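Q: no sequence on hand, only this structure:
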């Protein structure tokens, strides 16, 4: 723990603090230069206890001491933090998240509830930072001082990171993707061991729909205050595999032009976005890392690349059906969830978009 | 063990008897009504020992007693069996398999060496039994009394079973498939545990090429004595996952017409082939089993369907890119390897095509 | 399915029919020669639906058709079956199981609730069939026409099977055991995949206590109507490992005499009990199978020995601390749970101890 | 990578550099303040290539750049480094390691070959640093300028760390231990995935013998120039489990006195050794970390404690047989192998025992 003699960092609250993504938020924010974890919120079952007592810590690093001692607040608690990160279960998120925004807070959410709302930006900081502008109409429409900014599903996130530079450089007409998703994507307790040891589950409820519509929204256009999804034909098969962390995705793409394979690789490897320009604290140096080996990326070897904030692309090769195919892999609870939210909050702060 | 007071079953030899597929041959042939395991052949390392002593048995059923006591013969041994099943490593298979055919034996092989030879049939008994006719020209070309009949790669096998009825009923124009393949497909010792526990390997050497060319050969045409691959655009991504047995394959297909989804399901479920007509001993009642559940097929639950001889199809649904998509799963060392060879041999016997 | 033109088998009910052990009961009783699954009972959540609709079937064989169509009854339902098998969660078992016995039924239970009651026999059919006599005082004490007969914890079961012949032949003074237990022992959903993929959990709540006290009760004496636990010093460490089925147990024993190792092996291999004498339908031919290989037993290879009803012993060797040590492995939901209950019921029927 | 403008660090060589432990050496030495990886040695197969080309890097951090570019030398190469770390296969280690010592080098080895030699110290830096004195007689006996200092088997290492403070404080009479060992302990490719997915192997060749004799040597006495093994009765069962890294060990101990459990816990937690006194670069602050939770230590959560250099003890509780029992877990390729060797070398340097 760094010590901040007179801590001037912005206090932040975490909703759903005892879940898998909640724990990642606490871990990633432990020594954050701008934000300080001040309030932890969870369901009634945990509220009233210290965070340490409320739920066992399930990450391999130790529970940060500052968080361990915080009391767990319930969903109705009167919060002080101007920035709120949400990892709430989608069943309860709707009303609570809206209340936060109504109270004037900046609410950055991982939950699916508001992702497809027409006035909520679905932000991936390197990909569509300009979508943040829709927050103006969100506030107007809803009479809020604060706002809701969402990030996408963990499987859409890494695919979109890899697709964005291709779309920009060559145009993008069609995508076929099959995912091999880690069990941590289902939260805790999530997937039962009897369902996954020595097994594959070729189905994740509503995942293919989310992955498709969220990808097209993120790659789409915001004109004045309306989103137009990207005109890309997309199909997704989503599978769960016995891997702890790291989603592996096999993608084929039809581009709008016919670049040489070296150009495709170069465009991926060179990709930078606004977080890199701004030097945001959680921004990876290389949002996309291209591996040359024939058998990479692999979850064990590549999920922690750039502290879990990169999408790692490999096996770029011609596809007889669509033109090119490749594998993209990324950490699903870091860049795919908590890390993406934090990066969005950093972007807002750096761009002067916070209400505080 | 059944006892055959005066055993009139045809003696068969197994080449590569100590490997994973070799053990499956021994297991599946233990009580076969037509064939009797008479000779076991393996590399010098094992030759001279009893089979039991040569290699540990790694299947969950007990090693059949009759096989346990057989001596392991070396590659140069003078065999007596008129039927030979080969599970040889591809590095050594070429010359040995040809010798068997030259000596007048019927050689049914799992090895890749001869699969794409222009005069070798790549047989899946329900799918392309008529390809067996090419053996006439094979004998003519090569001056053999015996012959080589191959079966395909384990991942191609289950895909082709599912594609065949669609091709017949609707025409088939394009296929995109992503596999999640079991470790037993790599033989023994095969995949190192450090490479696969908590991991996915998004690459299997030459598998995508084999899967594509073998699929198109099996679904193709034999005219007089030349094969024409099926005119299908096909792309494959092959992955290894931490599953013992059972390949899961996510496929999207563009058909030649636009049937209703119920028609597609009905055509798959109704599929029968020559083995079912002939009532062959190893033939599954239902070569394709269609599961209605939203989360099937799964390796643990479905790989042993019809004693491992069925391809199990599930999650049939529309595909925005190609029309329909589904998951097909099957046992990779039973139907995907040894069981397919045995079924081919049964077909040849029933059709009177054996040299014996 | 066998057909019973005029089914004269005894109707049985299964309590907790949708859980892991409940499903095993249904599977093992599907074609039972003496018993017919007539009633399936589960919690309110499932009650009122057909069994097939109430819960997904999670075993690799297909759900038996007869059971699929049965309606699921709730805990208060008025049952007809004179024999009841219980796989209830321990939180609810107490009152329901007692009601069954009060109503005159023979209740065979897997649940821990009544196992240590002083008038309830903890039966392992080969080991302590004479303990069934305590049922007379149970009925007297409680004024019941029926009775409760329990079987032990799954980890105690296989250990006790291996210890019994040693106790009989040589005397048994001390046991140290460390278990490596399968996830199916925790039921469904049971162990979260995030807790066990690439992991070991060195703790199972109350398991060490149960394993110890139940072992000593089963190996103890029943005098008139009181149990005396066996005077054996025992220590247990219980671990959960990423294995689906099959508990592996490393045991060291101090015997009352000093037999040669060959004698110990011979006594284990020769062990038979009352179920073998009576030829009970579920009795394994060999309750204990002794494997000579240096690296057996293993879950994958040995858990299905004798249809999952055997305890497989291997690695018998000297122990510098206690005298001898060995590994014992067995299927935890077959012999370790449902199969043991069924064998107990068969024993009662064959011995004329059923109230029916 | 730190940059050392004028690198005055001691050059070191790594024998067996392409194996699992060899890779750990490279990783752990990448930014070492005292040592610089200067020479990498492997078998003929790799020799002549750059390290990067010789073998795929299999650890999750990136291959350090300095090592990537080094040429791989063969076993006969003329080395320059005065310090040599060996992770050679035991089949080839004997002669090569002796040659290094004869040439005047300090050879720190992980290999089992010389561990039990009467004039070779088996060192665990916190436990028996005084055993280093035997090197004087080793040199005398063998006429060497250099020496061989060994570290133990990975499973003995963590057990001994936990036993040492108990032996010192209370005396130690008997130990019973059952291990659940990670697959990385078998090197690469090591354990075949077919042998361990959904499985346990209750046997590791010669491991129980090594674990016992090495434990007693490390805890034993060195008088003038002869070792006396500790007079402890010890028994070990060794198992392989499907875990990547981290050995879990269940131990029962009979102490020489009868301390309260709090005393036992306090003695473990307070343990420090010479490396902590000297502030050696690789020394963990806490060589033993005692966890209070009922279900710890676990490989996933605890193997990286103190950068993999701690032994984590949990579940300390009474043992009916021996007095106390507990679980100890540690990283098998860091503290259990490469890290222990490096710490030994640091100890020698700090104590002025290096020949350089």
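A: Nice, I can see it. This structure is a prediction, so every number in the text was calculated from the model and none was measured.
Q: closest residue of the stretch 151-300 of chain A to chain D?
A: Relative to chain D, the nearest point of the stretch 151-300 of chain A is residue A:198 (4.2 Å; C-beta to the nearest C-beta). Every residue, glycine included, has its C-beta placed from N, CA and C.
Q: got a list of what the residue nearest to that residue when sequence neighbours are not counted touches?
A: Nearest non-adjacent residue to residue A:198, counting by C-beta to C-beta, 6 or more residues apart in numbering or on different chains: residue D:198, 4.2 Å away. For residue D:198, the residues meeting the contact criterion (C-beta atoms under 8 Å, 6 or more residues apart in numbering or on different chains) are A:197, A:198, B:244, C:242, C:243, C:244, C:299, C:300, D:242.
Q: cutoff 10 Å now
A: Shown in contact with residue D:198 (C-beta atoms under 10 Å, 6 or more residues apart in numbering or on different chains): A:197-199, A:242, B:242-244, B:300, C:182-183, C:241-246, C:299-300, D:242.
Q: now do residue A:9 against chain D, distance only.
A: Remark: distance between residue A:9 and chain D (C-beta to the nearest C-beta, to the nearest Å) = 27 Å.
Q: burial count for that residue?
A: Neighbourhood size, residue A:9 [other C-beta atoms under 10 Å in any protein chain shown]: 14.
Q: ok, now which ones touch residue A:313?
A: Contacts for residue A:313 (C-beta under 10 Å, 6+ apart) come out as A:158, A:161-162, A:249, A:251, A:264-265, A:268-269, A:271, A:288-291, A:296-297, A:302, A:326-330.
Q: if we go to 7 Å?
A: A:162, A:268, A:288, A:290, A:326, A:328 (C-beta atoms under 7 Å, 6 or more residues apart in numbering or on different chains).
Q: write down the beta-bridge partners of the last one, one by one.
A: Under DSSP bridges, the beta-bridge partners of residue A:328 are residue A:249, residue A:313.
Q: can you report how many residues lie near it?
A: Applying other C-beta under 10 Å, I find that residue A:328 has 27 neighbouring residues.
Q: what sits against it?
A: Residue A:328 makes contact with A:158, A:159, A:162, A:249, A:251, A:311, A:313, according to C-beta under 7 Å, 6+ apart.
Q: and if you look at the fourth one?
A: Residue A:290 sits next to A:265, A:268, A:269, A:313 when contact means C-beta under 7 Å, 6+ apart.
Q: just the buried residues out of the residues you listed, in PyMOL syntax.
A: Here is the PyMOL command that selects the buried residues among the contacts of residue A:290 (16 or more other C-beta atoms under 10 Å in any protein chain shown):
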select buried, chain A and resi 265+268+313
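Q: tell me the SS of the residue of the stretch 1-150 of chain A found nearest chain C?
A: Per C-beta to the nearest C-beta, residue A:58 is where the stretch 1-150 of chain A lies closest to chain C, at 6.6 Å. Following DSSP: H, G, I helix; E, B strand; the rest coil, residue A:58 is assigned to coil.
Q: tell me the phi and psi of it?
A: Per-residue torsions, residue A:58: phi -120, psi 10 (degrees, to the nearest 10).
Q: now residue A:220
A: phi -90, psi -170.
Q: and for it, the neighbour number?
A: Residue A:220: 17 neighbours (other C-beta under 10 Å).
Q: wait, it sits on residue A:229?
A: Yes: with contact defined as C-beta atoms under 7 Å, residue A:220 reaches residue A:229; the gap is 4.3 Å.
Q: thanks a lot, catch you later.
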